[in-house]
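Undergrad: Got a sequence here, can you model it:
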Amino acid sequence: MPRYELAVILKAMQRPETAAALRRTVETLMERGAVVRDLENLGERLLPYKITKHNQRHSRGAYFLIDFYASPSILTGLLNHLHRDVDVVRPTVLKKDTEVSAHTCCGPQQ
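TA: Next comes the predicted model:
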């Protein structure tokens, strides 16, 4: 299974509501067969621009990164589910590359 990273922006909420929305997101991943490796909280920040989602205008959001392994076939359904979640402002899935070792670099050898 390839390794992916889900960058998700949740709307600005109190801590219990944020935790519930994050739990729903991680449970959705695991229900679809993903293996979650890591969850990183990047904190609440101002959005770079105002985003309208589900008839609400958002200017602040809580940023999270979720590192997971999953089959590529679940990504479309996962994103559709996250776009329908009223607490998710912006979900983005990125494929993570394997780390490049220093020995494969083609630059000058020292």
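
Undergrad: low pLDDT regions in this structure?
TA: 99-110 (pLDDT under 70).

Undergrad: just the strands in it please.
TA: Ranges of strands within the chain are 3-11, 35-53, 56-69, 88-95, based on DSSP state E.

Undergrad: Tell me which residues of the longest helix seen in the chain come out buried.
TA: When the chain is parsed with DSSP state H, its longest helix is helix 15-31. Using 16 or more other Cβ atoms under 10 Å as the test for burial, helix 15-31 gives T18, A21, L22, T25, V26, T28, L29. In short, each C-beta sits where N, CA and C put it, glycine included.

Undergrad: Assess the claim that the fourth one and I66 are in contact.
TA: In this case it means T25. Yes. Using Cβ atoms under 8 Å, T25 makes contact with I66 at a distance of 7.1 Å.

Undergrad: Just give me the neighbour total for G61.
TA: Residues near G61, counting by other Cβ atoms under 10 Å, number 23.

Undergrad: Could you number the chain from 21 rather than 1 from now on?
TA: OK, 21 is where the count begins now, so the last one is G81.

Undergrad: ok, L98 touching V108?
TA: No. In this structure, L98 is not within contact of V108 by Cβ under 8 Å, at 11.3 Å.

Undergrad: Excluding sequence neighbours, find me the nearest residue to T45.
TA: What sits nearest to T45 in space, not counting adjacent residues and going by Cβ to Cβ, 6 or more residues apart in numbering, is V28, at 6.3 Å.

Undergrad: ok, and what's touching the longest helix of the chain?
TA: Identification of contacts with helix 35-51 by Cβ atoms under 8 Å, 6 or more residues apart in numbering yields 26, 28, 30, 33, 56, 59, 82, 84, 86, 88, 90, 98, 101-102, 105, 107-108.

Undergrad: separation between A82 and P36?
TA: 13 Å (Cβ to Cβ, to the nearest Å).
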